[in-house]
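[1] make a model of this:
(one chain, ligands or ions: 2)
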Amino acid sequence: MNQQELKQAVLTEKSRQGVLILAHTYQSPDVLEIADITGDSFALSKAAREVKEQRVLMCGVRFMAETVKIVSPEKEVILSHSGAGCPMAEQIDPREVEAYRQEHPDHAVCAYINTTAELKAVSDVCVTSSSAVDIVSRIPQKDVLFLPDKNLGSYVAKRVPEKNIHLMNGFCHVHNGIRPEHILKARQQHPGAKVAIHPECPADAVALADMAGSTKEIIDYALSCEDEIIFATERGVYDALSLRFPHRNFHQLEPQLMTCVNMKKTTLQGVYDALTGKSGEVILMDEPLRRAASVSIENMLRYGG
Ligand code: 13P
Ligand code: SF4
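    Ligands and ions are numbered 1, 2, ... in the order given. Purely as a prediction, here's the structure:
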């Protein structure tokens, strides 16, 4: 099958089976094209609860498929590629968090959604990059343990100075590799261009950008102006926007560094194989774990609006 035939076969199969396809913005353009709903982590989590289809295929990484299962246990949730994990999601041992809670019973534990179900189960509230600042400012506790991403945590701490944010040592290896020199070099190559950066990048790089924000905020920023833009985030955003808006002057910062290999494990052929039962993984979760993890997700949806 050529790409066009493959695309048609995916569309036919998904409508025949009544499967809803969710895809994170970091997926490649051909996968985004066949998805029913695309968006950042927050948009996908909200959609997961609202959609009526009983079978959902997640084109993204494992914690995203787990989130769908946590909020909609009655659905069959398939992860498009069983090897697509997010290394950051597993960087913290839940026992460390439990020990912290015992020592600091008055602190809130706030987990980035990029965490395992086990970590969500020992947290009070989840956040995504587009909701973290709002949610942390709304939770009642003054002291907040933010896990696992130290970069997103320090970004939130700067914007919510009334809270004491306690950080752990996690990071996204894709965004954490960005250095101030990369930004300075890109500015030399594209004088006058604006730099839009994701807060998973280190603070010294974020400080040199024109805007910092989540995947959705970066997209909204790029589309709200006519400026030349350098994208300092996973390259999926640049790939999709430069295809949709070929007349715009868009650039990707350090494209090799800023490619999440886990997100790119899903291919159009992989989607077809997952739909026809040849690959992919049906997400299973023990009910007590699911219930415990759902508290932090429900709190996220409540505080995040
Ligand atoms: P957002 O979708 O919240 O921007 O997160 C980026 C990311 O790294 C997802 O894995
Ligand atoms: Fe995880 Fe980073 Fe990849 Fe997102 S971009 S899935 S945080 S490794």
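[2] ok, now which ones touch the residue nearest to the spatial centre of the chain?
    The structure's the chain has its C-alpha centroid closest to S41; by C-alpha atoms, centre = their mean the separation is 4.1 Å. By C-beta atoms under 8 Å, 6 or more residues apart in numbering, the residues touching S41 are 24, 64, 67, 113-114, 128-130, 215. C-betas here are computed from N, CA, C, even on glycine.
[3] mind listing residues that contact whichever strand or helix holds L22?
    For L22, the host element (DSSP states H and E) is strand 19-24. Applying C-beta under 8 Å, 6+ apart, the contact partners of strand 19-24 are 13-14, 31-32, 34-41, 44, 47-48, 51, 53, 55-61, 64, 68, 78, 236, 263, 271, 275.
[4] just checking, which of those belong to strands?
    Secondary-structure check on these using DSSP state E: residues within strands are 37-39, 55-59, 78.
[5] quick revisit: from the contacts of strand 19-24, keep the buried residues only.
    Buried subset of the contacts of strand 19-24 (neighbour count, 16 or more other C-beta atoms under 10 Å): 13-14, 31-32, 34-41, 44, 47-48, 51, 53, 55-61, 64, 68, 78, 236, 263, 271, 275.
[6] same for ligand 1: which of the residues you listed are within range?
    40-41 (C-beta under 6 Å from any ligand atom).
[7] which one among the ones in strands among the contacts of strand 19-24 gets closest to ligand 1?
    G39 (7.7 Å; C-beta to the nearest ligand atom).
[8] and the closest one, what are its bridge partners?
    With DSSP bridges applied, the residues forming beta bridges to G39 are H24.
[9] for ligand 1, see how far away M211 is.
    Distance, M211 to ligand 1, using C-beta to the nearest ligand atom, to the nearest Å: 14 Å.
[10] and for V295?
    When distance is defined by C-beta to the nearest ligand atom, V295 is 20 Å away from ligand 1.
[11] and if you look at V109?
    V109 sits 19 Å away from ligand 1, taking C-beta to the nearest ligand atom as the criterion.
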